[in-house]
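Student: got a structure for you, letters missing:
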Ligand code: ADP
Ligand code: ZN
Ligand code: ZN
């Protein structure tokens, strides 16, 4: 039976789906998980079919689906199930969850057309008569004339091309002379036909031996090269197109269309992965993983291995085992840069043998991302390496999900849907009956707590490979440094000497600073005012090269002020060093050295990452300066020194996780030194050497830190002892924001202390963001279910009170309380 209606999730901030009719011609093609083009209000929109239904809600005008984008539904059933879980757990609109799951739609392009209305031609004609009707300007009338000549339609282009500006167009539109219509067209996809061996010859009885040319094609496609684009196949096999066509008809071959691949990734050229024998610790970890696979059911393991203990090697073998069992594997890493290393290793391990590895992250172009995604969906890639959103990669039959550096905050998405990639990965593993393997040198409090409670199985790698020792960590007390040198350089005398030594010995140094830009505060010495963003309650950051101030929260820009915007004094000064400043300083202090900077300003595309990291790994650079993206996971063999310019900036954040984050960052950073045969040294500059997060990081003593921090969390009733949610009420209008938070408070307060602690409403630490005023409630409960229920009730309450859905932001398990 075919069902005539379907519910479609659209990428709009509404917690509902929308019903559409399935036209006769599309019945059978429209399935749950299909992407469809539908009319929504006055626009065309791409949504995902959630389910097919027999009937539509009464008394509403039901519109029809205009088009189906996928022949095979974009999302397999398990991912639809996962989307429902994400929507429920994080209280996110389902359409937004689907949007996060799917690659950007690249096969459609939207065009806007200007169309002459019925009244238009007459108005245009008035030009020749001398008198301009409708109060048109000469240009406007001329434009209408031109439009008439073009048979009444033109593409909306730049003003210079049209001959009229946007204001004129709007006037013409208001007068009913023209209309602007959105028109969605299918783009000509740049695809190629790929041919693969199908080998149904076995069915022909008696089996005919292959002709010489057929045999040649078979070896090419089946053993030597794998599926090939048709043009390449014709050339390599030296056969004609008609022969291929005949073999296709005989079902000896099969073929499909596929987006054209870019040239081979230069990062991979000439790379061969190290081939290590596993040491005893690695071997025993792998044994435990294998035992899990034998059980063939869901489980979570935590691979707690010190930095440089060879976790990657264990991951690769776990993936190998998974593939050998006919299942697929997903590897999640916290940074784009890390997808390059692990992606490359995976490709050289599994690329040829197991049909392929896909890499997914946000620095890919839309087309690349869509292509990689499609390779996964087609079943062509059976290993996926990616960042956060790759947790939604459309793999089927998943056997293993690895989450490397599971403690990293970058797994948390800071926009709707506010999911945590690690937690979604665990839920996905559960749905698939797969193994979730979390890896870290510094597990998050939550994860380690679960491991100790026996909820996760703990696997340990206690020492570095090849009997290498951990780097030695020293503190540079900045208070003392200043008393001695009376200099305010971000580079202390000790760090300077350390870098000098690296340069003399021909080894490499990493220098970390956790802010980008030149200086992160602009202040007036006369009145004390700081230059704030016009939209946010945050100081503007000075970017010297771009010669402007930027807001790192909303992206707004300002001119660099010559005088104080408040008191007009000319004593404006900049302070607080960022990475750009540090780079400049290093160049000054070490004129001969080869120095580069890696942060979000210098690395935006995959290529930039590859070039910079490749240059450093290949020894073409001496010093690499960067933000914390350098701290994680990299395996640079010749780094002997790591300097942390300011360990304090993360300690002073108004957040209960400040200590944990500082400890993790410092331990991770320390892990970048001394990974090869050379011994490593780490210098941590700080004003507060007494703090336990710094002291334990110096000793690289995870369990000491964990015990102390756990005690604090228990006393303060913070995670892992409670479930936490942050609710922000926001609006550009201050009064509305206040009124709504008061209303919400009326809903919350009767529930306070009945299984949930409710703090607030209070002004959020970031009181204004992107022009919106913000108020905050913090909800804590020892029972997750109580919290979820209360939040669900709050959503319903807001709806009943006409508080707009966009005004209330719910962040479940927040990692950032600003
Ligand atoms: P981690 O992720 O635990 O910090 P990696 O997986 O990056 O460590 O491994 C650190 C280094 O040790 C890499 O250069 C890797 O090639 C090497 N390595 C891994 N396993 C072994 C082994 N069994 N013997 C020798 N070297 C190894
Ligand atoms: Zn001033
Ligand atoms: Zn801003």
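Tutor: Right, received. Where do you want to start? In this text, all values refer to a predicted model and were calculated from it rather than measured experimentally. Ligands and ions are numbered 1, 2, ... in the order given.
Student: quick check: mean pLDDT of stretch 595-609?
Tutor: Computed over stretch 595-609, the mean pLDDT rounds to 79.
Student: repeat that for stretch 561-568.
Tutor: Across stretch 561-568, pLDDT averages out at 88.
Student: what sits against residue 748?
Tutor: By CB atoms under 8 Å, 6 or more residues apart in numbering, the contact list for residue 748 reads 758, 777, 779, 790, 794. Just so you know, the C-beta spots here come from the backbone N, C-alpha and C atoms, and that holds for glycine as well.
Student: pretty sure residue 439 sits against residue 315.
Tutor: Yes: using CB atoms under 8 Å, residue 439 is in contact with residue 315, at 6.9 Å.
Student: and those two? Which one has more around it.
Tutor: residue 439 (28 against 24; other CB atoms under 10 Å).
Student: that one pairs with what?
Tutor: For residue 439, the beta-bridge partners are residue 303, residue 404 (DSSP bridges).
Student: what distance do you get for it to ligand 3?
Tutor: Counting by CB to the ion, to the nearest Å, the separation of residue 439 from ligand 3 is 36 Å.
Student: buried subset of the contacts of residue 748 as a ChimeraX selection?
Tutor: Selection of the buried residues among these in ChimeraX, burial being defined by 16 or more other CB atoms under 10 Å:
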select :758,777,779,790,794
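Student: for ligand 3, what's its nearest residue on the stretch 101-250 of the chain.
Tutor: residue 104 (25.6 Å; CB to the ion).
Student: tell me the spacing between that residue and ligand 2.
Tutor: Applying CB to the ion to residue 104 and ligand 2 gives a distance of 45 Å.
Student: name the residues contacting each of residue 439 and residue 315.
Tutor: Residues touching both residue 439 and residue 315 by CB under 8 Å, 6+ apart: 402, 404.
Student: tell me where the model's unsure across the stretch 1-150 of the chain.
Tutor: Low-confidence segments of the stretch 1-150 of the chain (pLDDT under 70): 1-2, 106-111, 124-134.
Student: same question, the stretch 601-750 of the chain
Tutor: Along the stretch 601-750 of the chain, the model assigns pLDDT under 70 to residues 604-606, 633.
Student: pairing partners for the strand ranked longest in the chain, with directions?
Tutor: In the chain, assigned by DSSP state E, the strand with the most residues is strand 757-769. In the sheet, strand 757-769 lines up against strand 772-781 (antiparallel) (DSSP bridges).
Student: return the residues of this protein in contact with ligand 3.
Tutor: Counting by CB under 5 Å from the ion, the chain comes close to ligand 3 at 533, 535-536, 551, 553-554, 556.
Student: next step: those residues restricted to strands.
Tutor: Among these, no member falls in strands (DSSP E).
Student: out of those residues, which is nearest to ligand 1?
Tutor: Nearest to ligand 1 out of these is residue 553 (CB to the nearest ligand atom; 32.4 Å).
Student: run through the residues that contact the closest one.
Tutor: Neighbours of residue 553 in contact, by CB under 8 Å, 6+ apart: 533, 536, 538, 766, 769-770.
Student: so which of those residues sits lowest on pLDDT?
Tutor: residue 538 (87).
Student: skip the chain neighbours and tell me the closest residue to that residue.
Tutor: Ranked by CB to CB, 6 or more residues apart in numbering and with sequence neighbours excluded, the top spatial neighbour of residue 538 is residue 553, at 5.4 Å.
Student: for ligand 2, give me its nearest residue in the stretch 1-150 of the chain.
Tutor: Evaluated by CB to the ion, the stretch 1-150 of the chain has residue 13 as its residue closest to ligand 2, separated by 40.5 Å.
Student: distance of that residue relative to residue 531?
Tutor: 33 Å (CB to CB, to the nearest Å).
Student: returning to what we had before: now the contacts of residue 553 in a markdown table, with distance to residue 213 and neighbour count?
Tutor: As requested, these are exported to a markdown table (distance: CB to CB, whole Å; neighbours: other CB atoms under 10 Å):
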| residue | distance to residue 213 | neighbour count |
| --- | --- | --- |
| 533 | 69 | 24 |
| 536 | 68 | 21 |
| 538 | 69 | 19 |
| 766 | 69 | 18 |
| 769 | 67 | 20 |
| 770 | 64 | 16 |
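Student: just put those residues in CSV and tack on distance to residue 717.
Tutor: CSV is the format used below for those (distance: CB to CB, whole Å):
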residue, distance to residue 717
533, 34
536, 31
538, 30
766, 24
769, 27
770, 32
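Student: and of those residues, the nearest to residue 740?
Tutor: Nearest to residue 740 among those is residue 769, at 16.0 Å by CB to CB.
Student: for the stretch 551-700 of the chain, which residue gets nearest to ligand 1?
Tutor: Using CB to the nearest ligand atom, the closest approach of the stretch 551-700 of the chain to ligand 1 is made by residue 635 at 4.0 Å.
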